[in-house]
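K.L.:
Okay, here's the prediction I keep looking at, along with the sequence it came from:
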Amino acid sequence: IDDSLLKEMKKTGCRIMGLGIESGSQRILNLMHKKITIEQVKNGLRRLKDTGILPTVSMMVGQVSETADDVKASVELMRLSLEYDKNIEYAFTITTPFPGSPLYSLAMEKGYVRDDADFYKHYKFNLFRRTFQLVINFSAMPDGDLLSMYDYICTVYRNDKKRILGVKVLLVENLRGFLHRCHFVLKEFVVPIIPKFLRLALLGEIYQYSYEFVQKRLDNLRLRLRGIAVKNNLYMKKPTILFNRK
């Protein structure tokens, strides 16, 4: 994708681009057959910033044969990118061999997983802690060290965001996340146990409208605190003059 195409994408409404970078270690990228270099990643992130498209980046910890030094390379890439674009969003996960992937086939060959049911029996997500249970450790690190390195990269990211963006942004974003988790629990676990004759349709509509209204307002506030102007729910790189008094 060249710069002219990126600009056209921005004009037609592309505001966010999700990137599966997965690692800041060239050795790990090569093992994953990503066919990209760290320099290409850095250049791509800079080009997105120049275009005004907001990158969301996913990174994994615990790839096959991964070491603490490989994780530290991911930390270095993450910190470098945040310095030149404070609006990059990162999400970190522990490498998980989902059914259908080559890594899952490897897990089956080594006897780590018996079948799909066995996998999902161990694959659990804690909604409020926002962490996954370690299913299989493919790395060169013991389980404890792998979990420590995962906590390490998450902690560095939170601290750098706090330093670069300020406390207000994090408070708003954490509030949005908390409300979303409460909404999920209410919808998935509380509502089903309420007798049907007590589930008032109008009350449900009022609740849903109120939840969406609050989330949209908080999102607009979050973006403005980040220095991203909002118009008709579309993100713009810089504010524009909507009316000219002359």
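P.N.:
Ah, there it is.
K.L.:
make it CA atoms for all contacts and neighbour counts henceforth
P.N.:
Noted.
K.L.:
so the spatially most central residue of the chain bridges to which residues?
P.N.:
By CA atoms, centre = their mean, the chain has its centre lying nearest to residue 91, at 3.2 Å. Counting by DSSP bridges, residue 91 is bridged to residue 58.
K.L.:
Next secondary structure after the helix or strand hosting residue 161?
P.N.:
According to DSSP states H and E, residue 161 maps onto helix 143-165. Where DSSP H and E defines the elements, the next helix or strand beyond helix 143-165 is helix 167-185.
K.L.:
So for the helix or strand following that following helix, mean pLDDT?
P.N.:
Downstream of helix 167-185, the next assigned helix or strand under DSSP H and E is helix 201-225. Helix 201-225 shows a mean pLDDT of 91.
K.L.:
which helices and strands does helix 201-225 pack with?
P.N.:
Under the contact definition 3 or more CA pairs under 8 Å, 6 or more residues apart in numbering; DSSP states H and E, helix 201-225 sits against helix 167-185, strand 229-231.
K.L.:
Give me the buried positions along the first one.
P.N.:
Right, helix 167-185. Using 16 or more other CA atoms under 10 Å as the test for burial, helix 167-185 gives 169-170, 172-173, 176.
K.L.:
Next, format those as TSV and append distance to residue 39 and pLDDT.
P.N.:
Compiled in TSV, the buried residues of helix 167-185 are given as follows (distance: CA to CA, whole Å; pLDDT from 0 to 100):
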residue	distance to residue 39	pLDDT
169	30	93
170	30	91
172	33	96
173	30	93
176	34	95
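K.L.:
for those, which one is nearest residue 152?
P.N.:
The nearest member of the buried residues of helix 167-185 to residue 152, counting by CA to CA, is residue 170 at 18.6 Å.
K.L.:
Help me confirm that that closest one comes into contact with residue 164.
P.N.:
No: using CA atoms under 8 Å, residue 170 is not in contact with residue 164, being 10.5 Å away.
K.L.:
who's in contact with the residue nearest to the centre of the chain?
P.N.:
56-59 (CA atoms under 8 Å, 6 or more residues apart in numbering).
K.L.:
tell me the mean pLDDT over stretch 13-33?
P.N.:
Stretch 13-33 carries an average pLDDT of 96.
K.L.:
go on, stretch 143-159?
P.N.:
Mean pLDDT, stretch 143-159: 95.
K.L.:
Ok, stretch 67-78 next?
P.N.:
The predicted model assigns stretch 67-78 a mean pLDDT of 98.
K.L.:
Would you mark the buried spots in it?
P.N.:
Judged by neighbour count using 16+ other CA under 10 Å, the buried positions of stretch 67-78 are 67-68, 70-72, 74-75, 77-78.
K.L.:
Stretch 84-94 too?
P.N.:
Judged by neighbour count using 16+ other CA under 10 Å, the buried positions of stretch 84-94 are 85-90, 92, 94.
K.L.:
With stretch 215-222 instead?
P.N.:
Applying a neighbour-count criterion of 16+ other CA under 10 Å, one finds 215, 218-222 buried in stretch 215-222.
K.L.:
for stretch 143-162, same thing?
P.N.:
Buried residues in stretch 143-162, counted by 16+ other CA under 10 Å: 146-147, 149-150, 153-154, 157, 160-161.
K.L.:
Now for those: which two are most distant?
P.N.:
For the buried residues of stretch 143-162, the maximum inter-member distance is 22.9 Å, found between 146 and 161 (CA to CA).
K.L.:
thinking again about what came up before, can you pick the most crowded of the contacts of residue 91?
P.N.:
Counting neighbours by other CA atoms under 10 Å, residue 59 comes out on top of those with 21 neighbours.
K.L.:
residues touching that residue, list them.
P.N.:
By CA under 8 Å, 6+ apart, the contact set of residue 59 is 20-23, 74, 90-93.
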